[in-house]
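Visitor: What would the 3D arrangement of this be:
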Amino acid sequence: MLGNILHSRLVITAVSCMALVLSSGIVNAEDLCSIVPASYSGAKADHPELTSAIETLENYAIASWYTDRLTTQERSDMVSGLLRQCSEDTRLSIVVYGIPNKDCAAGLSSGGSVKSTSDYQTFLKDLTDAIGERKVLYVVEPDALGLLTQDGGCGSSAGYLDNLKVAVSALSANANAELYVDVGYWMLAYGDSAGKVATVMKELGSSGRVKGVTINTSNYRSTDECAGYCKNFQTAMVSSDMSCIIDTSRNYNGSPTSDWCNVPTAGIGKPPTAETGVSNLDYFMWIKPPGESDGECATGGTAAGTFYQEGFTLLWDQGYFVSEKGMAKIGDSSSAYTQATNTTTAPSSGSSSAGQTTPSKTTAPTGGSSSWSQDNTVGTVAPADTTQTQATASTSATTTATPYTTTPSTSSQSTTAPGMDTASPYMTSSPDTTAASTTAPTGQSVSTAQQPYQQPNTKQGRTACKAKKRLRSL
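Guide: Sure, this is the predicted structure:
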């Protein structure tokens, strides 16, 4: 199960499998496996001073996107590459993004090849036939559940419920598949909206096996805050049978302000792991590639989906690897850059909390009510094509954190849509919120005989950065 953890300067080829290296040893955990983001290859060539930091991230899995924005051949190449390059004791991490009429609020991602339920069934069958009985984690249809359940959302008229049932049925036919339906965290901030999510999730659960929901995709909410949202979800479900996974790619410092686009105080969060140390969180995942821009924002940034040098530097310098693993800041010549050393130690069944911080206790909003008013909407943008050199790493270990505890509150504050960031619902004010947005990868011409598949980029905002949607607290 364990492979060697690669030194950051090794020439690495093929895939990236996730895990954490703890100073006191290695903890047994199931690895996730994926393909390195396409943007990282160009970033290392253009900004060699970032190479060590980027190659550190390449040791961990960043979810691969299976989307109808790619051609059939490109999707086939991507899946074939994963199957060929990921060992069978790892779990493939795949985002499924091809529901008919996806991104119905803005329409910027509706140009994919899937136009009908019949198309969708074929799209899913191509994936499930290729994956077979391999272990896989599916993040199912970013934004769809939020757009289906929010007040005034377009998901109902767009047929999302029936098509989500189709997806759940098809994807869960593999007994080794784990399904988490993506939901905007803002839908879990209040009791009434969490109840709507729970109603739909129960209905989806009747169509196949669903393990829970994905929270914080491409966002900045802290781990303990997200654990509170998951608690709200389980309360609404009146059961802990379903649990959650969260995107920790940029959530190390949380987001206590109303900023949501290329947040300058953000830091790279804890790496992907199945050992979260939080009872209701099954995985930490990196779904948004750290360093890819949300768009051209007031805080600065490049076009959505492109690599943002200044943003990456801030994320690294203010994140997990510098703060907890003692690695040098980018450009810091005063201290030696440290990197995890190779290890052949067999996994143990123990656990470790070395180098970890204890999450602060926060109050998760559970009361109140909310409804959405879609003043403006933002949609999806395809990131620029880039040339990709794939990375290989087989690493394993995990993080142990203090389990999250929460005191229910009846306060009602504003929250945000996925891909964006606004004030924490734990704040006393009610700042503006923004609209749901998911960045759909573009098609890329890939010859597997010549080069490995290029990882599509993930969920982000765009000029979307400037569009707004308001949440009214009732």
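
Visitor: Could you look up the SS state of residue 93?
Guide: With DSSP: H, G, I helix; E, B strand; the rest coil as the basis, residue 93 sits in strand.

Visitor: isn't it right next to residue 65, touching?
Guide: No: counting by CB atoms under 8 Å, residue 93 does not reach residue 65; the two are 10.2 Å apart. Heads up, the C-betas are built off the backbone N, CA and C, glycines and all.

Visitor: Point out where the stretch 251-400 of the chain drops to low pLDDT.
Guide: In the predicted model, the stretch 251-400 of the chain carries pLDDT under 70 at residues 256-258, 333-400.

Visitor: cutoff 90 now
Guide: Applying pLDDT under 90 to the stretch 251-400 of the chain flags residues 255-261, 294-306, 331-400.

Visitor: Now do the strands in it.
Guide: Taking DSSP state E, counting those that start in this stretch as the test, the strands found in the stretch 251-400 of the chain are 281-285, 370-373.

Visitor: who does the longest one touch, helix- and strand-wise?
Guide: Using 3 or more CB pairs under 8 Å, 6 or more residues apart in numbering; DSSP states H and E, the elements in contact with strand 281-285 are helix 223-237, strand 243-247.

Visitor: Let me know which of the ones you listed is the nearest to residue 321.
Guide: helix 223-237 (15.9 Å; CB to CB).

Visitor: re earlier: with mean pLDDT, mean neighbour count and distance to residue 78 added, can I get the helices and strands packed on strand 281-285 in a markdown table?
Guide: Listed next are the helices and strands packed on strand 281-285 as a markdown table, based on pLDDT from 0 to 100; neighbours: other CB atoms under 10 Å; distance: least, CB to CB, whole Å:
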| stretch | mean pLDDT | mean neighbour count | distance to residue 78 |
| --- | --- | --- | --- |
| helix 223-237 | 97 | 25 | 28 |
| strand 243-247 | 98 | 27 | 20 |
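
Visitor: need the ones you listed in a markdown table with distance to residue 169, can you?
Guide: As requested, the helices and strands packed on strand 281-285 are exported to a markdown table (distance: least, CB to CB, whole Å):
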| stretch | distance to residue 169 |
| --- | --- |
| helix 223-237 | 20 |
| strand 243-247 | 21 |
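
Visitor: Which among those is found nearest to residue 267?
Guide: Nearest of these (CB to CB): helix 223-237, 12.1 Å.

Visitor: Convert that closest one to PDB, retaining C-alpha atoms only.
Guide: Extracted as PDB, the C-alpha positions of helix 223-237 are listed here (Å, rounded to 0.1, in the frame of the first residue of the first chain):
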ATOM      1  CA  THR A 223     -12.100  22.500   8.400                       C
ATOM      2  CA  ASP A 224     -13.900  23.000  11.700                       C
ATOM      3  CA  GLU A 225     -16.500  25.200  10.000                       C
ATOM      4  CA  CYS A 226     -17.100  22.600   7.400                       C
ATOM      5  CA  ALA A 227     -17.400  19.900  10.100                       C
ATOM      6  CA  GLY A 228     -20.200  22.100  11.600                       C
ATOM      7  CA  TYR A 229     -22.000  22.200   8.200                       C
ATOM      8  CA  CYS A 230     -21.700  18.400   8.000                       C
ATOM      9  CA  LYS A 231     -23.200  18.200  11.500                       C
ATOM     10  CA  ASN A 232     -26.100  20.300  10.300                       C
ATOM     11  CA  PHE A 233     -26.500  17.900   7.400                       C
ATOM     12  CA  GLN A 234     -26.500  14.800   9.600                       C
ATOM     13  CA  THR A 235     -29.000  16.500  12.000                       C
ATOM     14  CA  ALA A 236     -31.300  17.200   9.100                       C
ATOM     15  CA  MET A 237     -30.900  13.600   7.900                       C
END
